[in-house]
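>>> sequence first, predicted coordinates after that:
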Amino acid sequence: KYHLAAVIVHLGTANIGHYVSYVRSNGGKQWYRFDDDVVTPVTPEEATEANFGSGATDPPAGGGLGMMMMGRSALNQLRSAYMLCYVRDDEWEVVMNVTALDDDVPPHVREGTLEEAYV
């Protein structure tokens, strides 16, 4: 038996688009959306059901250029799960355990700030 642990989603068309990821954390209880440098908690429905086809029949007028001018709202109209990541049931607790991260992540990474990352 397997549990869904992450969903990688493509927003857009074959010509233009953007990728976001949805990942379960906190022992699998909470879903988060990773969109570039923005991480936000989301509902399980947004992470799963909302990413299996948007219902839109056509891309916005103007093709790729039209989508670029409309921004992310246009991309969000065309969204589909690109890859699903599953974890085997007997490994779930090991994979989803984040309590040991302090031991695995070097101190200089734990103590770093976003500002330091761009210096």
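Thanks, I have it.
>>> strands of the protein, residue ranges please.
2-12, 17-25, 30-35, 38-42, 79-88 (DSSP state E).
>>> which parts of the second one are buried?
In other words, strand 17-25. Within strand 17-25, the residues that count as buried by 16 or more other CB atoms under 10 Å are 17, 20-24. (Glycine included, C-beta is placed from N, CA and C.)
>>> what is the nearest of these to Ala81?
Tyr22 (8.9 Å; CB to CB).
>>> show me the shaky parts of this structure.
Low-confidence regions of the chain, defined by pLDDT under 70, span residues 26, 53-77, 98-102, 110, 112-119.
>>> sorry, back to before: for Glu111, find the nearest of the strands of the chain.
That would be, of the strands of the chain and by CB to CB, strand 38-42, which comes in at 18.6 Å.
>>> coming back round to it: in JSON lines: the buried residues of strand 17-25, plus distance to Asp89.
As requested, these are exported to JSON lines (distance: CB to CB, whole Å):
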{"residue": "Gly17", "distance to Asp89": "33"}
{"residue": "Val20", "distance to Asp89": "27"}
{"residue": "Ser21", "distance to Asp89": "22"}
{"residue": "Tyr22", "distance to Asp89": "20"}
{"residue": "Val23", "distance to Asp89": "18"}
{"residue": "Arg24", "distance to Asp89": "14"}
